[in-house]
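A.B. asks: Next input, structure requested:
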Amino acid sequence: MHSVKAMVLCVRISLSKLLSNPKTYVMLAIMAIFHYYSYAPLATIARYYGISVTPWVFPFYMSRAPMLTVFGGLCILLFSDAPFLDAYSQFIIARCGRRPFIVGQVLYILAASFLFTVCMVLLSLLYILPVMEWSTDWGTLLNTLAQSSLEVREQTGVTLSISVSEEFLQLVSPIRAMSVAFLCMWLVTAFLGLIISFFNVVVTKMSGVVAAGVLVSLSFFAVYWGANSIGRWLLFISPVSWSRMGDLDWTYSGMWPSPTYAVVVLTVGIVLLGTGSAIKFCRRDLN
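C.D. replies: Okay, here's the model as predicted:
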């Protein structure tokens, strides 16, 4: 029971540090800017046609490949110094023990990743709020953009930073798309955080940033060039790409990763990385 309380205490301390860290507000500003360019044009188009926008826009946030690098860069910035060792951490370790501390750090990465994803979803709604209308289907605007985006751009003069696929709208319901998009972004964020933590503990400090950077670069390559030049099988080994709903196999054809494959592999990876980090951290010399 004492160990559980110590783990919870470590999570709470880490979250309080996150909220007081200037880096957090820099990240929020970057997120707000990119969300503005992604979603504000939707509100402009909706006003032009006098129609509303349904709230199911989050799954299209990373429909353009460059957004993978923005997303990955934010994740690396968030967890670059995991497992967050400083002078105060030494005091916590002395009071609580190594195991509760490192397990608390793993739980913190999961909690911070969840909050990061919640912020992403809320920002996606913020810029369409004045023209948003609740509906259980995709709505007129998203269907129109999926079928005739070029005509919409010519009529309104507005260029969108997101891409809406007609096939995706036909295959997936809004609730399912939002649920899978949230879950995949949360898990990918936590996976990158634990990759950084694992390499920083097992190899050397900042090696985790390099490892995470390689994965982010791989995702951009797999989506932008690799899928066409090498084959879509490359997406099977590119976990960051699984945060893009367009890169998941919703028909379960087996040609590229399905949502189930992504969730299972990410979950297993998180468990293995968290366990490996904890074992190595408990054995290593903190000095």
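A.B. asks: Does residue 151 lie in a helix or a strand, and which?
C.D. replies: When elements are assigned from DSSP states H and E, residue 151 belongs to helix 140-156.
A.B. asks: And the contacts of that helix?
C.D. replies: With contacts defined as C-beta atoms under 8 Å, 6 or more residues apart in numbering, helix 140-156 is touched by 42, 44-46, 48-49, 51-54, 56-57, 158-160, 163-166, 168-169. Just so you know, the C-beta spots here come from the backbone N, C-alpha and C atoms, and that holds for glycine as well.
A.B. asks: Keep only those of those residues that are in helices.
C.D. replies: Residues of those located in helices (DSSP state H): 42, 44-46, 48-49, 166, 168-169.
A.B. asks: Including neighbour count, pLDDT and distance to residue 108, could those go into a markdown table?
C.D. replies: Shown next, in a markdown table, are these (neighbours: other C-beta atoms under 10 Å; pLDDT from 0 to 100; distance: C-beta to C-beta, whole Å):
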| residue | neighbour count | pLDDT | distance to residue 108 |
| --- | --- | --- | --- |
| 42 | 25 | 91 | 34 |
| 44 | 14 | 92 | 39 |
| 45 | 23 | 91 | 40 |
| 46 | 21 | 91 | 39 |
| 48 | 13 | 91 | 45 |
| 49 | 13 | 90 | 45 |
| 166 | 14 | 88 | 41 |
| 168 | 20 | 91 | 34 |
| 169 | 20 | 93 | 37 |
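A.B. asks: quick one: contacts for the spatially closest residue to residue 120 that is not a sequence neighbour?
C.D. replies: Spatially, and ignoring its direct neighbours in sequence, residue 120 is nearest to residue 185 (6.4 Å; C-beta to C-beta, 6 or more residues apart in numbering). If you count contacts by C-beta under 8 Å, 6+ apart, residue 185 has them with 71, 117, 120, 243.
A.B. asks: what sits against residue 92?
C.D. replies: The neighbours of residue 92, taking C-beta under 8 Å, 6+ apart as the test, are 9-10, 13, 101.
A.B. asks: My guess is residue 112 contacts residue 15. True?
C.D. replies: Yes. Residue 112 is within contact range of residue 15, at 7.1 Å (criterion: C-beta atoms under 8 Å).
A.B. asks: Relative to the whole chain's centre, how far out is the helix or strand containing the residue nearest to residue 120?
C.D. replies: Using DSSP H and E, residue 185 sits in helix 174-202. Here the centre of helix 174-202 is set off from its chain's centre by 6 Å, with C-alpha atoms, centre = their mean, to the nearest Å.
A.B. asks: List the buried residues in it.
C.D. replies: By neighbour count with 16 or more other C-beta atoms under 10 Å, helix 174-202 contains the buried residues 174, 177-178, 180-202.
A.B. asks: Which of residue 112 and residue 15 has more residues huddled nearby?
C.D. replies: Set side by side, residue 112 and residue 15 show more neighbours around residue 112, with 21 against 14, by other C-beta atoms under 10 Å.
A.B. asks: how much space between the more buried one and residue 165?
C.D. replies: Using C-beta to C-beta, to the nearest Å, one gets 31 Å for the distance from residue 112 to residue 165.
A.B. asks: Ok, residue 96 next?
C.D. replies: Distance, residue 96 to residue 165, by C-beta to C-beta: 49 Å.
A.B. asks: So which of these two has more stuff around it?
C.D. replies: Using other C-beta under 10 Å, the more surrounded residue of residue 96 and residue 165 is residue 96, with 19 against 15.
A.B. asks: Thanks a lot, catch you later.
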